[in-house]
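> Return a 3D structure for these sequence lines:
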Amino acid sequence: QVPRAPSQPLAGSESRRFTNKHSKKALKASLTLGILLGMFFVAWLPFFVTNVAQAVCDCVPAGFFDVLTWLGYCNSTMNPIIYPLFMRDFKRAMGKFLPCCRRPAEPRPSAISLSMRNSNSGPRAATSLKNVL
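Presented below is the predicted three-dimensional model:
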């Protein structure tokens with residue numbers, strides 16, 4: 001056995017705060033994932049069960065099958081609503097690019113600033129928009 005040097009433990013209140021902060025994040029992530037998966041199963045499971053039943057016995061009315069299909073489609077429309085409710089980073093990203101979700105103090109990023117940010121070059125002194133286009 002190789003003896004290990006004792007590591008410095010965090011102070012009691014720091015350790016509790018660190019653990020509490022991460023457990024809250026884990027709980028929130030678990031809650032969000034649970035809601036998303038729960039809604040997915042509630043929306044799509046009846047469709048898939050009915051689809052299998054239709055293949056086996058051909059006993060499912062077409063109108064009922066259409067209703068279940070649209071129930072699954074409604075799940076897809078709920079995702080953009082659920083994500084901003086539970087995820088702060090997603091809400092910030094949407095606020096930057098969608099005018100309806102932007103805060104008044106945030107300016108809208110232009111295509112030029114985005115392309116300059118994504119290219120690995122900084123702003124050039126002698127470059128104007130006419131020269132670039």
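> Please make it C-alpha for all contacts and neighbour counts, starting now.
OK.
> Now do the same for S119: its pLDDT.
Per-residue confidence (pLDDT) for S119: 56.
> next helix or strand past the longest helix along the chain?
Looking across the chain with DSSP state H, the single longest helix is helix 12-57. Going down the chain from helix 12-57, the next helix or strand is helix 62-86, by DSSP states H and E.
> Any buried residues in that next one, and which?
65, 68-69, 71-72, 75, 83-84, 86 (16 or more other Cα atoms under 10 Å).
> quick one: which of those is nearest K24?
Nearest to K24 among the buried residues of helix 62-86: F86, at 12.8 Å, using Cα to Cα.
> ok, the residue nearest to that closest one when sequence neighbours are not counted to K25 distance?
Excluding the flanking residues, the one nearest F86 by Cα to Cα, 6 or more residues apart in numbering is T32, at 6.3 Å. Per Cα to Cα, to the nearest Å, T32 is found 11 Å from K25.
> Counting neighbours, go ahead and name the busier of these two.
When T32 and K25 are compared for neighbours, T32 comes out ahead with 17 against 12, by other Cα atoms under 10 Å.
> So that one is in contact with L85, correct?
No. Using Cα atoms under 8 Å, T32 is not in contact with L85; the gap is 9.2 Å.
> Could you list the low-pLDDT ranges of this structure?
1-18, 101-133 (pLDDT under 70).
> hmm, try it at 90
Residue ranges of the chain with pLDDT under 90: 1-36, 39, 58, 75-133.
> Keeping just the C-alphas, turn stretch 67-84 into PDB.
Once non-C-alpha atoms are left out, stretch 67-84 reads as follows in PDB (Å, rounded to 0.1, in the frame of the first residue of the first chain):
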ATOM      1  CA  VAL A  67     -56.000  11.900 -33.100                       C
ATOM      2  CA  LEU A  68     -53.100   9.900 -31.500                       C
ATOM      3  CA  THR A  69     -50.700  11.000 -34.300                       C
ATOM      4  CA  TRP A  70     -51.600  14.700 -33.500                       C
ATOM      5  CA  LEU A  71     -51.100  14.000 -29.800                       C
ATOM      6  CA  GLY A  72     -47.500  13.100 -30.600                       C
ATOM      7  CA  TYR A  73     -47.100  16.200 -32.800                       C
ATOM      8  CA  CYS A  74     -48.400  18.300 -29.900                       C
ATOM      9  CA  ASN A  75     -45.500  16.900 -27.800                       C
ATOM     10  CA  SER A  76     -43.100  18.400 -30.200                       C
ATOM     11  CA  THR A  77     -44.700  21.800 -29.900                       C
ATOM     12  CA  MET A  78     -44.400  21.600 -26.100                       C
ATOM     13  CA  ASN A  79     -40.600  21.200 -26.000                       C
ATOM     14  CA  PRO A  80     -39.900  24.800 -26.900                       C
ATOM     15  CA  ILE A  81     -42.200  25.800 -24.100                       C
ATOM     16  CA  ILE A  82     -40.800  23.400 -21.500                       C
ATOM     17  CA  TYR A  83     -37.100  24.100 -22.100                       C
ATOM     18  CA  PRO A  84     -37.200  27.900 -21.400                       C
END
